[in-house]
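Visitor: Quick one: sequence and predicted model below, then my questions.
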Amino acid sequence: MIDFFLILCVGMCVLVLLCLYRATYGPDVLNRAAGISAIGTKTLIILLLMGAIYDRVEMFVDISMVYALLNFIGTVVLAKYLERTGDVSW
């Protein structure tokens, strides 16, 4: 089962790299924000898979909840900034 979780972690890391490409070379700022948010979500999944690998899911759930909260706050702050400035074409 651990091998399966390791394969899933590697697959999620590949998906994070694809989202990183979207966040770096996105056509506009909204695609970049979506890419950054997707990276945060995939990182949460990787953290939970690592918890299952190390058999310490309860500790990694706490860490991932804090990370999810920071990801959400960052997305809301970026959305408020873009709403206030109206500049969505970087």
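Guide: Yes, it's here. Numbering: from 1, shown residues only.
Visitor: pLDDT (mean, whole number) over the strand or helix carrying residue 42?
Guide: Using DSSP states H and E, residue 42 falls within helix 29-53. The predicted model gives helix 29-53 an average pLDDT of 93.
Visitor: mean confidence for the helix or strand just after it?
Guide: The first helix or strand that comes after helix 29-53 along the chain, using DSSP H and E, is helix 57-85. Computed over helix 57-85, the mean pLDDT rounds to 92.
Visitor: Please renumber the chain so that the first residue is 9 from this point on.
Guide: In the new count, where the first residue is 9, that last one comes out as helix 65-93.
Visitor: Counting by contacts, list what helix 65-93 packs against.
Guide: helix 37-61 (3 or more Cβ pairs under 8 Å, 6 or more residues apart in numbering; DSSP states H and E). (C-beta placed from N, C-alpha, C; glycine too.)
Visitor: If we go by neighbour counts, what in the helix it packs on is buried?
Guide: 40-41, 43-48, 50-52, 54-61 (16 or more other Cβ atoms under 10 Å).
Visitor: Give me the angle between it and helix 65-93.
Guide: When axes from the mean of the first three to the mean of the last three Cα atoms, to 10 degrees is applied, the directions of helix 37-61 and helix 65-93 differ by 170 degrees.
Visitor: Report the separation between the residue positioned nearest the centre of the chain and residue 84.
Guide: The chain has residue 48 as the residue nearest its centroid, 1.3 Å off, counting by Cα atoms, centre = their mean. According to Cβ to Cβ, to the nearest Å, residue 48 and residue 84 sit 12 Å apart.
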